[in-house]
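J.: here's my sequence, what's the structure:
(chains A and B)
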Amino acid sequence: MSAQAPEEVAERAREAAGAAHALATVTRERSLALRFARSRPTQATSVDDLTVELAVVTDGHVGRAATNDIGPEALRRCAGAAVLAAETAARAAGAGVYPGFPEPGALRARHGHDPETARLAPERGGEALSAAFEVAAETATEANGLWTAGEVETAIATPSGPVLVDRVTDAFLKVVAFGPGGRSGYAARTAVGLRDIDSRAAAARAAGKAAAGALEPVVLGPGEYNVVMEPHAVHELLWVLGLSAFNGLAHAEGRGALDGRLHTRVVSPAINLSDSPRHPSTLPRAFDSEAVAKAPLPLIEDGVAHRVVHDVRSGAIAAASSTGHAGAAGGAPSGPVPVNLVMAGGGAADEQELCAGVEHGIYVTRLWYTNVVRPAEALFTAVTRDGTFLIEDGRVTRPVADMRVTDSALGVLSRVRALGARSVLTSDGELYGRRFASGSVCPPLRADAVRFTGSAASG
Amino acid sequence: MRELLQDLVDSASGRASYADARHVRTLVEEVALRNGELDLLDRREEEGIGVRVRVKGAWGFAAVRGSGRADGEDAVARALALAEAQPGAGGEPALAPEPPARGSHASPCETDPFEVSLDDKLALLAEADAAMRSEPLVSVAQAQLLSRCQEKTFASSEGALCEQRVTECGGGLEAVAVGVSGTQVRSYPGSHSGHVAQAGWEHVLALDLVGHAPRVAAEAAALLSAPVCPSDRTTLVLAKEQLGLQIHESVGHALELDRVLGGEASYAGTSFVPADGIGSTRLGSELMSVTADATLPGALGSFRWDDEGVQARCVALVRDGTLRGFLSSRESAAEVGLERSGGCMRAEGFARQPIVRMTNVSLDAGTAGTLEELIAATRRGIYMETNRSWSIDSRRLHFQFAGEAAWEIVDGRLGRMLRDPVYAGTTPRFWGGLDAVCSPSEWGLVSVTNCGKGEPGQLASVSHGSAPARFRDVLVGSG
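T.: Below you'll find the predicted structure:
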């Protein structure tokens, strides 16, 4: 029901702020999400929303206000709230560090929008669910999961005049298959467009893992194990690094895991990691929440950490420039994080070849409920889920009861022995708040001596 | 609005066996200072209509911003199209019966937090922030406030028509000290947003953030030179803020009936608790009695009606260590043969559909006296405060929690402060080790404002009541 183009609304919102140094951001989301469980549809959500956010800078402080009403009175009220917030902060706290919104950079052409996906036809979701249910019936498993697609249009009216526009689509499918014995298998796919989401293939892969879990799972005790991790699990390691190591605000405050370690070897020389918003496999973005153009940024090269990411605020604290990683105008309280991480692959053909080098170890499909325990060490804890297997003499032999991993993400990556050749876009499909789909492009890997600290089965 | 919502559900009724519509208007204000600088000053308003329909057993939900008739009609059309596009659900199980919700309700609020000036809010935060930064080892001081007001109107095709207004308010402090041994954090009155309640500005004043700021900073600094929490199987005494999160993660989520029935298997997970376990499944010791109470004054999980029009209830979940009930919806309750829904369907704003969420899940108080008396009655062990990190498996069995600070207990007294404390365990064994809960005088609420569930994701706020409690034979260490 939002007939007005986001760029027009953004200009009107900026005008409502009058002479203030204001950035107006309009985000329109149209999305569908179809959930299923036990091979039946369970919940289906269609969202059509548009949010106007105004950020105003006064004496180094940023005040923000937002509304989803685009009427003139609502925009005036929103602008008034943002101006009042900034002025009050300036009165209360004196001059702040925020230097003002930067001039927008030149944007590059991208490939982040698929018109067919943007149609958001409910039938496409219904077909995906039907395909997953058919595979489940054929394999005597139950299909659980999510199919979702969305289009997000973002327009930012900058203080100096230009209005930047980004239109992106995203599509995501995951299938968690449960076999008769209760073991589960997982497969997921993330893409810009629905044409790259093969529901049948994902369901079949998940079902294959569930069926492989028909044997009684082995219960392993705590200890260090060599592992093969699928990209879904590697993605979690990169998420931990994003929060604790590459976060420019944490780094500037001396809390980051790369504090005192930049320009030194922090992980295996096999690791090359960048934030690459134009990589052909990622979900591309043109600019960040402060209208700073996105650009490729090498973070780790041959195991050596080179830089962290910044928004305008963390850059001001660190005497550095924004790298285009603001999660909110004025900076998110949690600090800037990379959202287009790309990890280069290696020479192993696939997970099977990675397993070939493991005499006794654990195959990890994905990690769940990952949380950072000690950020300065990038120490995290998580639990394996939906496909954990024993590797014996170079091949997967039987299921393992899910285990808790508590280790440093930098430590795991420092013990990498091999990487798969194929990196894939991986996401967990979590879409809280305003839709912002993101994922990392990463390969499977083999690492030594990963620390497992317990399991439900072993107590 | 009431008439519009009724018209919308009426218009859906020709094609849907059930329909409901909610109009929700939300106003949120967040204010935070960080090292004397403005960290966040954000005011957000949103308004919209969410329509939910059921067609041949398949649900469709559509949300649209605004409050106009055309907006609502668009949402009805999209919800119906979505429900009809899905493969058959294999029949349409009944919903547990519920009398239509009628009337209006407002949560208690003495002083509207939105009427308090920003100047006053920032002055309070600045004073607390400055007090924390007077400790030289504190590198980052944060002080924050949250105010939220939500108004809802709900109508259903079964004749429900009700209105609710809820006001929430709260805040907290965090001091981060950085030294050669790493980074240490202390928070007050709890981590992860402090303490938020269904109340007005009077709740913030009662927290006395300024008065607690020097202690918070001093403890963060002291942790830098504290010894690491030793690894051992030992007795653990939990303060109520960490105990609240333990209840939340290992009891509350485990007893959500949608998880138990497999409906959340692909995201939030399932549960180790069987659907037919009422009356027979042991979850803990005789001292473990837990309720889910949506009528608790001041608590974030309280309301008059849930988001499918079920009147608020107090449901016994665990009595004397045995499973007695679940957190449920009309659909999930009917599936396991419960006579009524537990009234736990809640949605975040207008753009999300209601799903089974916790109301206020709380541990009954015991008879162990005050915290001081409980520690005096403990020969050896660890006392732990304030959550720092949390993780639990997808069946809610194996967990690991880290606290901000711990103290050793030696011969009934608190000894040295310990840094980086962590404990881990499995749910029934851990709760089976519960052997003392402090008395009602120590019982109080803590808040969780970031409970994530659902796809697309939803955040819910809930409170948990408890008194400090003692657990035997727990694996404790430093991660």
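
J.: now A:Leu431: closest residue in space that isn't a chain neighbour?
T.: Nearest non-adjacent residue to A:Leu431, counting by Cβ to Cβ, 6 or more residues apart in numbering or on different chains: B:Pro456, 4.4 Å away. To be clear about C-beta, it is placed using only N, CA and C from the backbone, and glycine gets the same treatment.

J.: contacting residues around that neighbour?
T.: Contacts for B:Pro456 (Cβ atoms under 8 Å, 6 or more residues apart in numbering or on different chains) come out as A:31, A:33, A:45, A:47, A:148, A:431-432, A:435, B:352.

J.: and which of those is nearest B:His23?
T.: The shortest approach to B:His23 among those belongs to B:Arg352, at 14.0 Å (Cβ to Cβ).

J.: need the contact list for that closest one.
T.: Counted by Cβ under 8 Å, 6+ apart, B:Arg352 has contacts A:45, B:50, B:63, B:454, B:456, B:458.

J.: TSV for those residues, including pLDDT?
T.: Formatted as TSV, those follow (pLDDT from 0 to 100):
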residue	pLDDT
A:Thr45	97
B:Gly50	98
B:Ala63	97
B:Gly454	96
B:Pro456	96
B:Gln458	96
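
J.: out of those residues, which is most surrounded?
T.: Neighbours here mean other Cβ atoms under 10 Å in any protein chain shown. Within the contacts of B:Arg352, the largest count is held by B:Gly50, at 29 neighbours.

J.: picking that back up, from the contacts of B:Pro456, pick the one nearest A:Ala233.
T.: Of all the contacts of B:Pro456, the one with the least separation from A:Ala233 (Cβ to Cβ) is A:Leu431, at 20.7 Å.

J.: how about that closest one, phi and psi?
T.: Per-residue torsions, A:Leu431: phi -130, psi 80 (degrees, to the nearest 10).

J.: again, but for the one 10 residues further on
T.: A:Val441 has phi and psi values of phi -100, psi 110 when expressed as degrees, to the nearest 10.

J.: wait, isn't it in contact with A:Leu341?
T.: Yes - at 7.2 Å, A:Val441 and A:Leu341 qualify as touching, with contact defined as Cβ atoms under 8 Å.

J.: mutual contacts of those two, please.
T.: With Cβ under 8 Å, 6+ apart as the test, A:Val441 and A:Leu341 both reach A:Ser276.

J.: strands along the stretch 251-400 of chain A, start to end?
T.: A:273-275, A:297-301, A:304-305, A:341-343, A:360-374, A:379-392, A:395-399 (DSSP state E, counting those that start in this stretch).

J.: how about JSON lines for these, with distance to B:Leu33 and mean pLDDT added?
T.: Below are these laid out as JSON lines (distance: least, Cβ to Cβ, whole Å; pLDDT from 0 to 100):
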{"stretch": "strand A:273-275", "distance to B:Leu33": "30", "mean pLDDT": "98"}
{"stretch": "strand A:297-301", "distance to B:Leu33": "30", "mean pLDDT": "98"}
{"stretch": "strand A:304-305", "distance to B:Leu33": "31", "mean pLDDT": "98"}
{"stretch": "strand A:341-343", "distance to B:Leu33": "31", "mean pLDDT": "98"}
{"stretch": "strand A:360-374", "distance to B:Leu33": "24", "mean pLDDT": "96"}
{"stretch": "strand A:379-392", "distance to B:Leu33": "29", "mean pLDDT": "96"}
{"stretch": "strand A:395-399", "distance to B:Leu33": "51", "mean pLDDT": "94"}
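
J.: can I get these in JSON lines with distance to A:Thr406 and mean neighbour count?
T.: Formatted as JSON lines, these follow (distance: least, Cβ to Cβ, whole Å; neighbours: other Cβ atoms under 10 Å in any protein chain shown):
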{"stretch": "strand A:273-275", "distance to A:Thr406": "22", "mean neighbour count": "23"}
{"stretch": "strand A:297-301", "distance to A:Thr406": "23", "mean neighbour count": "20"}
{"stretch": "strand A:304-305", "distance to A:Thr406": "23", "mean neighbour count": "20"}
{"stretch": "strand A:341-343", "distance to A:Thr406": "22", "mean neighbour count": "25"}
{"stretch": "strand A:360-374", "distance to A:Thr406": "7", "mean neighbour count": "23"}
{"stretch": "strand A:379-392", "distance to A:Thr406": "4", "mean neighbour count": "25"}
{"stretch": "strand A:395-399", "distance to A:Thr406": "21", "mean neighbour count": "18"}
